[in-house]
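Novice: Would you be able to build a 3D model of this:
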Amino acid sequence: MLPSITPDHPFASRRLVPVVVPGMVLLGVWGLRWVLAQARRRGYGPRVRRGLATAGVVLVLVPPAFVSGGTAFTPVERGEAAAVAGLCAAIPPDASVLLVERVTGDRFAQVVRGLCGVPAARVRMLSTIDKEVAQAADVRRLMTRIRQAGRRPVLLAAAQAQLIRY
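Specialist: As a prediction, the model looks like this:
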């Protein structure tokens, strides 16, 4: 079973905010209540309990604010829709896209299929020398098959230098 999200997605941390942070705050409040009950039971006066309560509130509120402060006000995925629209506009409608580089294949195969509406496939990386890009013979064979099917092959990789061998 594949995970629905991977840690390198910016929105992965945002899924934690509505669940984990409130849960930790509730756990902290429960712990603070327990500490105050222990202080009362052991005979500490109102001044000490007030100090404990103040310290507890600071300990409950400051860490989540500090940790989530960096992501709470940081815009993510800005410009992605325009970038995908530009990618789709650059791919001809009669194209079949071959993703010849590992990371690009991981991240863009479904984008090209789902949003651009053209067939896309990752080419397996079989080379023991260079596992980041596909073997040239495999890519050429697949390009020939795409042309035979009456479609235009389009190669996609992270950098132009990765396409030179094809």
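
Novice: residues in contact with residue 162?
Specialist: Residue 162 sits next to 100-101, 132-133 when contact means C-beta atoms under 8 Å, 6 or more residues apart in numbering. (Each C-beta comes from the backbone N, C-alpha and C, glycine too.)

Novice: again but with residue 124, I slipped
Specialist: So residue 124 contacts 134, 138 (C-beta under 8 Å, 6+ apart).

Novice: Distance check, it against residue 138.
Specialist: For residue 124, the distance to residue 138 equals 7 Å [C-beta to C-beta, to the nearest Å].

Novice: Equivalent analysis for residue 95, please.
Specialist: For residue 95, the distance to residue 138 - C-beta to C-beta - is 18 Å.

Novice: can you check residue 152 too?
Specialist: From residue 152 to residue 138 the distance is 18 Å (C-beta to C-beta).

Novice: Same check on residue 92?
Specialist: 22 Å.

Novice: More neighbours: the two, which one.
Specialist: Shown here are residue 92 and residue 138; by other C-beta atoms under 10 Å, residue 138 has more neighbours (17 against 11).

Novice: Now do the buried residues in the helix or strand containing that one.
Specialist: Assigned by DSSP states H and E, residue 138 belongs to helix 136-148. For helix 136-148, a neighbour-count test (16 or more other C-beta atoms under 10 Å) marks 138-139, 142-143, 146 as buried.

Novice: Any idea what residue 120 is bridged to?
Specialist: When bridges are called by DSSP bridges, residue 120 pairs up with residue 97.

Novice: Going forward, the N-terminal residue is numbered 7.
Specialist: I'll keep to 7 as the first residue from here, and by that count the last item is residue 126.

Novice: pretty sure it is touching residue 103, no?
Specialist: Yes - counting by C-beta atoms under 8 Å, residue 126 touches residue 103, with 4.1 Å between them.

Novice: Would you map the strands across this structure?
Specialist: 101-105, 126-128, 158-162 (DSSP state E).

Novice: Now those strands in TSV, please, with extra columns for distance to residue 71, mean pLDDT and mean neighbour count.
Specialist: Shown next, in TSV, are those (distance: least, C-beta to C-beta, whole Å; pLDDT from 0 to 100; neighbours: other C-beta atoms under 10 Å):
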stretch	distance to residue 71	mean pLDDT	mean neighbour count
strand 101-105	41	95	22
strand 126-128	42	93	18
strand 158-162	42	95	18
